[in-house]
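Peer 1: dropping the sequence and predicted coords here.
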Amino acid sequence: MDGNFQMNCEGQRKSQEQMRAYEEQGQRRAQEQMRAYEEQGQRRAQEQMRAYEDQGQRRAQEQMRAYEEQGQRRAQEQMRAYEEQERRRKEQMLIYGQQMRERQEEEEREKKKGASVFGKLGAASLVYTLIYTICLYKNTMGIAVVLWVAACIGYAYTVFRMFGIREKRDSIFPVIVMGLLGVSTFLTGNQWIVGMNYAMIFILLVALLLHNFAQDNGWDFGKYAKEMLVAVCGAIGAVGKPFTDGSAFYRSRRKSGNKNGVYILIGIGAAVPCLLFLGTMLVSADMVFADMVSRFFMQFKVPARAFGVIFMLCFGFFSSYCGVRYVEAHAAAIAPEEKKSGQPLIAIAFTAPIALLYIVFSVIQIVYLFVGGMQLPEGVTYAEYARKGFFQLLFVCAVNLVLVLVIQKYFGENLMLKILLLVISGCTFVMTASSACRMALYITAYQLTFLRVSVLVALAVIALLLAGVVAKILASGFPLFRYGIAVVCVVYLAFSFSHVDYFIASYNLSHPVAGGSDRTESVDYGYLYKLSTDAAPAIERYIRAQERAGKEEELPEWYKLYCMEQKDVMENITLRNFNLSHYIASRLLGE
């Protein structure tokens with residue numbers, strides 16, 4: 001047993017030693033493996049760090065090379081751009097220098113041309129100015145107006161010859177109309193007619209210059225109106241031309257010697273119209289200054305008419321010279337108007353509802369006003385009906401005329417569009433007739449006035465122009481512009497020569513209207529005695545008829561007032577201010 005026990009103990013001891021040996025061996029192996037793993041991890045980390053460092057260095061070097069190449073490219077591009085910019089700047093400097101030389105050459109040519117023109121046009125404008133002042137100073141209705149119109153025509157034809165322009169064959173028409181307007185001016189005593197005559201003469205004179213200086217083929221009413229307005233504004237802007245042309249003229253005449261006197265005269269000449277204009281403004285702005293100026297000039301006893309004469313001389317010279325210079329320089333360069341072709345569908349969509357509205361309105365006018373014997377709503381008088389609707393219809397008629405012309409000009413041809421325009425034109429004829437009927441009713445109720453007669457004439461012009469528009473719609477080759485000019489001129493000439501005040505007085509005196517609460521017939525004598533001398537024959541005949549009938553024992557008060565109103569124009573009739581209407585009135589009313 002003791003032996004077994006010892007063997008067991010020995011076996012346990014060996015087992016323990018083997019266990020310790022295994023544990024120590026395992027620990028050593030684990031430590032060796034750990035050290036191997038640590039060394040391997042460190043080697044891998046070091047290798048990765050070296051790889052990352054090498055890769056970073058390579059990337060940094062590549063980026064540096066890319067940045068250097070990009071910088072070099074940018075520097076080269078900037079250098080090339082700078083060199084291109086310098087090249088362009090030099091080219092621009094060369095072009096600018098060439099332009100400056102051309103501008104200087106152009107200015108020199110313009111100065112030479114101005115000097116040449118001033119020597120001829122200046123003299124012609126001066127002669128025209130003298131005739132203009134002599135004929136029209138405080139004389140807007142005399143027979144001298146005919147001489148002024150002849151001077152306008154002669155001045156225009158002199159200008160054509162001066163600039164080598166051969167007047168066009170149809171220029172004779174505005175010339176004849178201008179002459180007839182001049183004759184009409186000294187035949188009438190109506191200031192409204194005289195004012196419109198002057199406006200027509202001015203328009204025709206500007207149109208005559210444009211017609212011969214510019215290529216006006218294909219121009220219409222709008223184009224002519226635009227270019228005439230531009231010409232007037234351009235003439236105002238060219239107010240310095242007489243001074244620059246005159247300076248160039250004197251420099252060309254006097255190449256040597258002292259020129260200070262010439263310069264002083266030019267400055268004084270430029271200052272005169274400015275002083276007149278500014279002085280007039282300041283005198284009207286302050287009463288104290290006006291009194292001082294009046295006292296100052298009273299010491300020199302300068303007649304007031306001298307200022308009027310000087311003003312007319314300046315206005316006549318500058319308006320004629322500057323107007324011709326502008327038209328001559330710019331009219332030939334006026335570009336022809338481009339033909340615009342809008343989509344017809346737009347115009348159809350626009351005009352279709354308008355045409356439908358006009359058809360309904362026209363049917364009502366025809367059924368109730370024309371065919372129905374002037375049937376009106378209950379409680380509405382003819383005078384009220386005419387007064388409330390007339391001016392609106394007149395405005396609509398004028399708008400329709402412009403509308404049709406604009407659509408024809410800016411939109412392409414289309415059968416449906418033509419039909420709609422014809423419908424609108426036909427309805428406008430109905431509206432024109434309705435307006436005329438309304439005015440006739442109004443005249444029946446309130447007698448004639450100059451405005452009412454003028455409106456009837458305007459309606460006639462609209463109807464005639466509308467007839468031309470219809471012809472243009474049906475036949476595109478119809479000369480609408482020439483037709484329109486002829487219509488306006490012929491109708492206005494008839495109106496101007498008609499002595500409308502004579503017919504107004506004759507009608508009003510022979511057609512008294514019922515007025516007042518007792519509905520007794522009466523005449524608006526307050527309007528009659530304000531009529532012009534054109535009404536004198538009718539008024540005198542009425543007064544003599546009343547005397548023969550024994551209805552007037554003494555001259556009525558309104559007749560005395562009429563004679564007093566005409567007293568100034570009937571006295572001091574001379575050859576220069578002779579007016580046939582004034583002369584006839586003086587013979588009739590002075591008896």
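Peer 2: Cool, got the structure. What you see is a predicted model, and the numbers here were worked out from it, not measured in a lab.
Peer 1: that's a strand at residue 215, yeah?
Peer 2: No - applying DSSP: H, G, I helix; E, B strand; the rest coil, one finds residue 215 to be coil, outside a strand.
Peer 1: Provide a list of residues in contact with the nearest residue in space to residue 140 that is not next to it in sequence.
Peer 2: Distances taken as Cβ to Cβ, 6 or more residues apart in numbering put residue 194 closest to residue 140, at 5.9 Å, once the chain neighbours are dropped. (Glycine included, C-beta is placed from N, CA and C.) With contact taken as Cβ atoms under 8 Å, 6 or more residues apart in numbering, residue 194 is in contact with 140-141, 185, 188.
Peer 1: again, only this time at 6 Å
Peer 2: Counting by Cβ atoms under 6 Å, 6 or more residues apart in numbering, residue 194 makes contact with 140-141, 185.
Peer 1: likewise for residue 44?
Peer 2: So residue 44 contacts nothing (Cβ under 6 Å, 6+ apart).
Peer 1: pLDDT at it, what is it?
Peer 2: pLDDT recorded at residue 44 is 86.
Peer 1: list the buried ones in stretch 477-486?
Peer 2: For stretch 477-486, the neighbour count (16 or more other Cβ atoms under 10 Å) marks 480-481, 483-485 as buried.
Peer 1: following element in sequence after the helix or strand containing residue 419, please.
Peer 2: Using DSSP states H and E, residue 419 maps to helix 415-446. The first helix or strand that comes after helix 415-446 along the chain, using DSSP H and E, is helix 450-474.
Peer 1: now that next one and helix 415-446, what's the angle there?
Peer 2: Helix 450-474 and helix 415-446 are oriented at 160 degrees to each other (axes from the mean of the first three to the mean of the last three Cα atoms, to 10 degrees).
Peer 1: and the helix or strand following helix 450-474, C-alpha only, in CSV?
Peer 2: Of the helices and strands lying after helix 450-474 in sequence (DSSP H and E), the nearest is helix 480-497. Extracted C-alpha coordinates of helix 480-497, given in CSV (Å, rounded to 0.1, in the frame of the first residue of the first chain):
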residue,chain,number,x,y,z
LEU,A,480,-56.0,106.5,-101.4
PHE,A,481,-53.4,109.1,-100.3
ARG,A,482,-53.8,111.3,-103.3
TYR,A,483,-57.5,110.9,-103.3
GLY,A,484,-57.6,111.8,-99.6
ILE,A,485,-55.5,114.9,-100.1
ALA,A,486,-57.7,116.0,-103.0
VAL,A,487,-60.9,115.5,-101.0
VAL,A,488,-59.6,117.4,-97.9
CYS,A,489,-58.3,120.3,-100.0
VAL,A,490,-61.3,120.6,-102.3
VAL,A,491,-63.9,120.4,-99.5
TYR,A,492,-61.9,122.9,-97.4
LEU,A,493,-61.6,125.3,-100.3
ALA,A,494,-65.3,125.2,-100.8
PHE,A,495,-65.9,125.8,-97.1
SER,A,496,-63.3,128.6,-97.0
PHE,A,497,-64.9,130.4,-100.0
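Peer 1: what's the angle from helix 480-497 to helix 450-474?
Peer 2: Going by the same axes, to 10 degrees, helix 480-497 makes 160 degrees with helix 450-474.
Peer 1: so which elements touch helix 480-497?
Peer 2: The contact analysis (3 or more Cβ pairs under 6 Å, 6 or more residues apart in numbering; DSSP states H and E) places helix 480-497 against helix 172-187, helix 450-474.
Peer 1: show me how far the shortest one is from its chain's centre.
Peer 2: Looking back up the chat, that one is helix 172-187. 27 Å (Cα atoms, centre = their mean, to the nearest Å).
Peer 1: buried sites along that helix?
Peer 2: Those buried within helix 172-187 under the rule 16+ other Cβ under 10 Å are 173-175, 177-187.
Peer 1: ditto for stretch 217-225
Peer 2: Per 16+ other Cβ under 10 Å, stretch 217-225 contains these buried residues: 219, 221, 223-224.
Peer 1: which one of those residues is nearest residue 491?
Peer 2: Nearest to residue 491 among the buried residues of stretch 217-225: residue 221, at 15.5 Å, using Cβ to Cβ.
Peer 1: now that closest one: how far from residue 409?
Peer 2: Using Cβ to Cβ, to the nearest Å, we find residue 221 at a distance of 10 Å from residue 409.
Peer 1: for the stretch 201-350 of the chain, which spans come out with low pLDDT?
Peer 2: 253-273, 295-304, 335-341 (pLDDT under 70).
Peer 1: how about the helices in it?
Peer 2: With DSSP state H, counting those that start in this stretch as the criterion, the stretch 201-350 of the chain has helices at 221-237, 241-253, 260-285, 287-300, 304-330, 344-364.
Peer 1: can you put those in CSV and add distance to residue 112?
Peer 2: Below are those laid out as CSV (distance: least, Cβ to Cβ, whole Å):
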stretch, distance to residue 112
helix 221-237, 22
helix 241-253, 7
helix 260-285, 17
helix 287-300, 42
helix 304-330, 14
helix 344-364, 52
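Peer 1: out of those, which is closest to residue 213?
Peer 2: The minimum distance between residue 213 and the helices of the stretch 201-350 of the chain falls on helix 304-330, with 5.3 Å, by Cβ to Cβ.
Peer 1: distance from the chain centre to that closest one, please.
Peer 2: On the basis of Cα atoms, centre = their mean, helix 304-330 sits 23 Å off its chain's mean C-alpha point.
Peer 1: okay, and the helix or strand of this protein with the least pLDDT?
Peer 2: For the chain, scoring each helix and strand by mean pLDDT, DSSP states H and E identifies strand 520-522 as the least confident one, at a mean of 58.
Peer 1: look up how far residue 41 lies from the nearest residue to residue 117 once chain neighbours are set aside.
Peer 2: Nearest non-adjacent residue to residue 117, counting by Cβ to Cβ, 6+ apart: residue 245, 6.1 Å away. Using Cβ to Cβ, residue 245 is found at 104 Å from residue 41.
Peer 1: next: residue 351.
Peer 2: Distance of residue 351 to residue 41, given as Cβ to Cβ: 95 Å.
Peer 1: comparing the helices and strands packed on helix 480-497 by mean pLDDT, which bottoms out?
Peer 2: The lowest average pLDDT among the helices and strands packed on helix 480-497, as it happens, falls on helix 450-474, at a mean of 90.
Peer 1: residues in contact with stretch 543-561?
Peer 2: By Cβ under 6 Å, 6+ apart, stretch 543-561 touches 525, 529.
Peer 1: circling back: turn the buried residues of stretch 477-486 into a markdown table, including distance to residue 49 and pLDDT.
Peer 2: Listed next are those as a markdown table, based on distance: Cβ to Cβ, whole Å; pLDDT from 0 to 100:
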| residue | distance to residue 49 | pLDDT |
| --- | --- | --- |
| 480 | 97 | 87 |
| 481 | 97 | 87 |
| 483 | 103 | 92 |
| 484 | 100 | 90 |
| 485 | 102 | 92 |
